[in-house]
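**Student:** got a predicted structure plus its sequence, pasted below:
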Amino acid sequence: MKIIYTLIAFVFLISFTACSKSSNGSTASVTPVTPVTPSLDPNAMWAVWITTTASTALNSRDNIKQAVANCKIAGINHLFVVVYNNARTTYPSQVMQNLLGVPILEAFSGRDPLKEIIDEAHASGLKVHAWFEYGFASSYSSNGGPIIKAKPEWAAKDVNGALLSKNNFEWLNAFHPEVQNFLLGMIREVVTNYDVDGIQGDDRLPATPSTGGYDDYTVSLYKAANNGSNPPTTYSDANWVKWRAGLLNNFMKKIRTEVKAIKPNVMVTMAPSVYPFSLNEYLQDWPTWVDSSWVDAILPQVYRYDINSYTTTLSQQKPYLKGNTSICYPGVLLKTGTYVPDDLFLTQMIQQNRSQGFKGEAFFFYEGIKDKLSFFQSQYPYIK
């Protein structure tokens, strides 16, 4: 007697129906297995950050092709690609040429990695967002780097008058109109010259450490608005925090206005620190950005190392969204240094996102996708 197998496979979805012969000669039917369908919302954002730090993803056209292929396999549909960090761009920038005489990161001379990844990603149906990774940070462990050297008046200052530094990042003065125009200039040229699907800032745009604001320009601005009074020497003073955060709010609104005036369909997304840490440490009042519809998506960095901390932090963010979970995509830490979360923890974090009403997430960063490619292929799309 024949044994008939019918096997229908789609990716990792298997439906199996067959007849088999039992040991006593009778024929027994095998119950068909109901296909498991992906739980990812096709309209949601499943994103990853791609940078030049600890990654070679942008180092050649072939590397870009492989990165796009890996992301496609992994179910990623939005790429946040670095365009500016450490006083360099990953595209030929006239703004940087005018400021420093260097239009692009030297290793990319003669190429345009931004255009290359846009072309490859769009051919595969993926969207590309220009990520201004350093934002108002001037350099990392370089005493301000070439920008401060060229424009010392752009330096942010702490209460002692020293160059503003936090976690080894040195900062430009986020409140200075010339510095703001510098950032807006790069944003404008990217949106104008490239077929990007979005632009993005993170915990450095718009942001600045709350220990800053003591440069001459910002002090004079504060005095003009406060009857000649000097700003509080206590950087965490609530009114001082609120006043400076308000200036960054104004700049956030300006970013959106500038982008939408050029190309209305280009998304404006921001990936700040979690609130209220974002406000207290970096003057990022992102609930106001959400309330004011200045962002098309918000991606708070819920970077935690155990599920209890992740669950608690994620829950704490929800009230600040006022029910608007549809534009929020939690940031998930996928790799830093040698750390990569195991499959169980990664599954638990995604389950928490879904159970709390978030339809997608963004992973930091691409190298972790490579490390966990089998997980993303076989498990990620089906987690509920």
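**Tutor:** Sure thing, it's come through. The structure presented is a predicted model; accordingly, all values stated were derived computationally and were not measured. Residues are numbered from 1 along each chain as shown.
**Student:** quick one: the helices in the chain?
**Tutor:** Assigned by DSSP state H, the chain shows helices spanning 61-74, 94-100, 113-123, 145-150, 177-193, 216-225, 238-262, 277-282, 286-291, 307-321, 343-355, 366-371, 373-378.
**Student:** how far away from the center of its chain is the fifth one?
**Tutor:** Offset of helix 177-193 from its chain centre (CA atoms, centre = their mean, to the nearest Å): 19 Å.
**Student:** report the angle between that helix and helix 216-225.
**Tutor:** 110 degrees (axes from the mean of the first three to the mean of the last three CA atoms, to 10 degrees).
**Student:** now helix 177-193: buried residues?
**Tutor:** By neighbour count with 16 or more other CB atoms under 10 Å, helix 177-193 contains the buried residues 179-180, 182-191. (C-beta placed from N, C-alpha, C; glycine too.)
**Student:** show the average pLDDT along that helix.
**Tutor:** Across helix 177-193, pLDDT averages out at 98.
**Student:** run through who's touching that helix.
**Tutor:** 83-84, 89, 91, 93-96, 99, 114, 130, 132, 135-136, 151, 153-154, 172-174, 196, 199, 205, 251, 254-255, 258-259, 262-263, 266 (CB atoms under 8 Å, 6 or more residues apart in numbering).
**Student:** if we go to 7 Å?
**Tutor:** Applying CB atoms under 7 Å, 6 or more residues apart in numbering, the external contacts of helix 177-193 come out as 83-84, 93-95, 99, 130, 132, 136, 154, 172-173, 196, 199, 205, 251, 255, 258-259, 262-263, 266.
**Student:** just the buried subset of those residues, please.
**Tutor:** Among the contacts of helix 177-193, the ones that count as buried by 16+ other CB under 10 Å are 83-84, 93, 95, 99, 130, 132, 136, 154, 172-173, 196, 199, 205, 251, 255, 258-259, 266.
**Student:** give me the nearest residue to Leu58, chain neighbours excluded.
**Tutor:** Spatial nearest neighbour of Leu58, excluding adjacent residues (CB to CB, 6 or more residues apart in numbering): Pro113 at 4.5 Å.
**Student:** can you give the distance of stretch 254-267 from its chain's centre?
**Tutor:** Centroid separation between stretch 254-267 and its chain, computed with CA atoms, centre = their mean, is 18 Å.
**Student:** then that stretch to PDB, C-alphas only?
**Tutor:** Backbone C-alpha positions of stretch 254-267 (Å, rounded to 0.1, in the frame of the first residue of the first chain) are rendered in PDB as follows:
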ATOM      1  CA  LYS A 254      12.100  73.500  12.900                       C
ATOM      2  CA  ILE A 255      13.600  70.200  11.700                       C
ATOM      3  CA  ARG A 256      10.200  68.900  10.800                       C
ATOM      4  CA  THR A 257       9.100  72.100   9.100                       C
ATOM      5  CA  GLU A 258      12.300  72.200   7.000                       C
ATOM      6  CA  VAL A 259      12.000  68.500   5.900                       C
ATOM      7  CA  LYS A 260       8.300  68.600   5.100                       C
ATOM      8  CA  ALA A 261       8.800  71.800   3.100                       C
ATOM      9  CA  ILE A 262      11.200  70.000   0.800                       C
ATOM     10  CA  LYS A 263       9.600  66.500   0.600                       C
ATOM     11  CA  PRO A 264       6.300  66.100   2.600                       C
ATOM     12  CA  ASN A 265       6.500  62.300   2.400                       C
ATOM     13  CA  VAL A 266       9.900  62.000   4.100                       C
ATOM     14  CA  MET A 267       9.400  60.700   7.600                       C
END
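**Student:** show residues contacting it.
**Tutor:** Counting by CB under 7 Å, 6+ apart, 129, 184, 187-188, 191-192, 196-199, 268, 294, 296-297 sit against stretch 254-267.
**Student:** 8 Å instead, please
**Tutor:** 129, 180, 184, 187-188, 191-192, 196-199, 201, 206, 268, 294-297.
**Student:** now stretch 298-316
**Tutor:** In contact with stretch 298-316 (CB under 8 Å, 6+ apart) are residues 47, 202-203, 269-275, 278, 286, 289-290, 317, 321, 327-333, 339, 341, 345, 348-349, 352-353, 356, 358, 362, 364.
**Student:** measure it end to end?
**Tutor:** 15 Å (CA to CA, to the nearest Å).
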